[in-house]
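Novice: sequence below, structure please.
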Amino acid sequence: MTLLNSPFAALAGLVLATVSLAASLEERAAGLYRPFQGEMVALSPDGKYVAYSRHARGELAVIIMPVDNPVSRMTITVAEDRRVSFSKEKEAVRLRFLRWITPTRLVFAPTEELISMPAGQRVKVISRIFAADADGRNARKLVDGSEFTVSTQVPLPPGDEDTPPTFIDTPRHINVIGFPAGDAQHVLVEALAARPEAPAATGEIDPAPADPLARAPRVQRMEPTPTSLYKINVFTGKVSQVDEDTYPGRYLYDWQSRPRIVYGQPEYSSERKFLQKPPGSKGRWQPLDQKSSGPGATGFTISPANF
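Specialist: Sure, this is the predicted structure:
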């Protein structure tokens, strides 16, 4: 009688299963706090390659796998886990964009990274976008976010025109929009509006009522930077501006990369309106209510009364 057919085989199998279970319990406990594996997946337009994200051993990577030969895989390390302020733990990095622009060219971007700066300086925004071929070659960082920083001149007080101008650099968050229709060379990104933090004006103080602590240098209020749309060449990294607008809100773009709808979000208003640029409007935003009629027309405005 062989061991496989003896009663001892069942006992041995039970012992091995118990040891395996003990090991898997620890793995399962660790898996409760592990980021999703393959959280983002993209199939190439010709169906020959699959790209997916993988997080392991404190690193985020993109795996490119031929569909006909899954064993042959290409691994591209994207970023390491990020430090968390006042903590020994690290934040797991994830992808926010993963798409094929051609059957052999992949574009991907991790989530933005915010780096604390010394007192008096704004938080640094790192917004990296990468591209690589299906075989892992020609991999490059297209942008890191610094390309979208805006330099704004601080307004001078009245009668102080002889003072040398001061400029404030304002970093902007970006959204990866996608690819222009019929364009296999560029990816569209949107740099969001941000309000510059102007320094306090020297020699000027706010009216001080009764509280002496309220007497502080008056801070000049500056207008927000515009929201800008850019296209980035996925082979060279060249950045070109496509459009720009100062209306506060979230923009929706058409297939020609033009802003056609904006969800208005004024800073000092409780109403949120949807606006559009219809033909013949000379580039001016108009509420959708003006172009619609019937009982649903007022639905294009959100206010405390109907929220």
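
Novice: and the closest residue in space to G283 that isn't next to it in sequence, how many neighbours does it have?
Specialist: Nearest non-adjacent residue to G283, counting by Cβ to Cβ, 6 or more residues apart in numbering: K277, 6.3 Å away. C-beta coordinates here come from the backbone N, C-alpha and C atoms, glycine included. Burial of K277, expressed as a neighbour count using other Cβ atoms under 10 Å, amounts to 18.

Novice: K277 reaches L288, doesn't it?
Specialist: No - counting by Cβ atoms under 8 Å, K277 stays clear of L288, with 11.1 Å between them.

Novice: can you map out the strands along the stretch 151-300 of the chain?
Specialist: Applying DSSP state E, counting those that start in this stretch to the stretch 151-300 of the chain gives strands spanning 167-170, 174-178, 186-191, 200-205, 217-219, 227-233, 239-245, 249-253, 259-264, 272-276, 286-287.

Novice: circling back to that earlier point, the residue nearest to G283 and P259: what is the separation?
Specialist: 7 Å (Cβ to Cβ, to the nearest Å).

Novice: next, the distance between the ends of stretch 172-184.
Specialist: Stretch 172-184 has its terminal residues 26 Å apart, counting by Cα to Cα, to the nearest Å.

Novice: how about it: buried residues?
Specialist: Residues of stretch 172-184 classed as buried by neighbour count (16 or more other Cβ atoms under 10 Å): R172, I174, N175, V176, I177, F179, P180.

Novice: give the bridge partners for the fourth one, please.
Specialist: Bridge pairing for V176 (DSSP bridges) gives the partners V189.

Novice: so who does it touch?
Specialist: The contact partners of V176, by Cβ atoms under 8 Å, 6 or more residues apart in numbering, come to R96, F97, A109, I129, V187, L188, V189.

Novice: and the strands of the stretch 151-300 of the chain, which is most packed in?
Specialist: Compared across the strands of the stretch 151-300 of the chain, strand 186-191 shows the largest average neighbour count, a mean of 23 (mean count of other Cβ atoms under 10 Å).

Novice: mean confidence score for it?
Specialist: Averaged over strand 186-191, pLDDT sits at 95.

Novice: can you tell me which helices and strands that strand packs against?
Specialist: strand 129-133, strand 174-178, strand 227-233 (3 or more Cβ pairs under 8 Å, 6 or more residues apart in numbering; DSSP states H and E).

Novice: could you identify the helix or strand that succeeds the first one?
Specialist: Toward the C-terminal end, the helix or strand that comes next after strand 129-133 (DSSP states H and E) is strand 140-143.

Novice: confirm for me that P226 is in contact with E244.
Specialist: Yes - counting by Cβ under 8 Å, P226 touches E244, with 4.8 Å between them.

Novice: D46 contacts W100, correct?
Specialist: No - if you go by Cβ under 8 Å, D46 and W100 don't touch, sitting 9.1 Å apart.

Novice: who has more neighbours out of those two?
Specialist: Each of D46 and W100 has its neighbours counted (other Cβ under 10 Å); W100 has more, 21 against 12.

Novice: can you give me the neighbour number for the residue nearest to that one when sequence neighbours are not counted?
Specialist: Distances taken as Cβ to Cβ, 6+ apart put S44 closest to W100, at 4.7 Å, once the chain neighbours are dropped. When neighbours are defined as other Cβ under 10 Å, S44 has 21 of them.

Novice: so how far is R99 from S44?
Specialist: According to Cβ to Cβ, S44 and R99 sit 10 Å apart.

Novice: check A92 too.
Specialist: Distance from A92 to R99, by Cβ to Cβ: 22 Å.

Novice: and the nearest residue to V154 once chain neighbours are set aside, what pLDDT?
Specialist: In space, not counting the residues next to it along the chain, V154 is nearest to T166; the distance is 4.4 Å by Cβ to Cβ, 6+ apart. Per-residue pLDDT puts T166 at 79.

Novice: pretty sure T166 contacts S151?
Specialist: No - using Cβ under 8 Å, T166 makes no contact with S151, being 10.6 Å away.

Novice: low-confidence ranges in this protein?
Specialist: 1-23, 27, 29-38, 117-122, 156-161, 197-221, 267-269, 290-307 (pLDDT under 70).

Novice: A193: neighbouring residues, count only.
Specialist: By other Cβ under 10 Å, neighbour count at A193 equals 21.

Novice: and S24, by the same measure?
Specialist: When neighbours are counted by other Cβ under 10 Å, S24 comes out with 11.

Novice: for R284, same thing?
Specialist: 10.

Novice: residues in contact with it?
Specialist: Contacts of R284 by Cβ under 8 Å, 6+ apart are K277.
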